[in-house]
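> no sequence on this one, just coordinates:
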């Protein structure tokens, strides 16, 4: 019996798919944490956990005063 994915895992998978599909410009900003938390109907804390996991995987990175950005090297 398999478990349903957690909210964090679902957010990670969805954002990964959106990045891979080119929805965000390479090296471009992702929507704000507030906007993403509203899109996923979750708290910012949960969203920040998912963004932190994507950062650890090298998919995105955070820049002070700019927010979360798509890492240029994710799509070649």
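Arrived safely. Computed from a prediction, not measured in an experiment: that's the story for all the values here.
> Which secondary structure element of the chain has the lowest mean pLDDT?
The least trusted helix or strand in the chain, going by mean pLDDT, DSSP states H and E, turns out to be strand 67-70, with a mean of 82.
> What segments of the protein are strands?
Counting by DSSP state E, the chain has strands at residues 60-63, 67-70.
> Nearest to residue 40, out of those?
Residue 40 sits nearest to strand 67-70 of all the strands of the chain, at 13.8 Å, using C-beta to C-beta. (C-beta placed from N, C-alpha, C; glycine too.)
> from the chain's centre, how far out does the closest one sit?
9 Å (C-alpha atoms, centre = their mean, to the nearest Å).
> go on, stretch 6-17?
7 Å.
> Residue 42 and residue 10: what is the separation?
For residue 42, the distance to residue 10 equals 9 Å [C-beta to C-beta, to the nearest Å].
> before we move on, the earlier item: for the least confident helix or strand of the chain, give me every contacting residue.
Contacts to strand 67-70, defined as C-beta atoms under 8 Å, 6 or more residues apart in numbering, come from residues 19, 24-30, 32-33, 51, 55, 59-63.
> what comes up buried for that strand?
For strand 67-70, a neighbour-count test (16 or more other C-beta atoms under 10 Å) marks 68, 69, 70 as buried.
> Pick out whichever of those residues sits closest to residue 38.
When these are compared for distance to residue 38 (C-beta to C-beta), residue 68 wins out at 15.2 Å.
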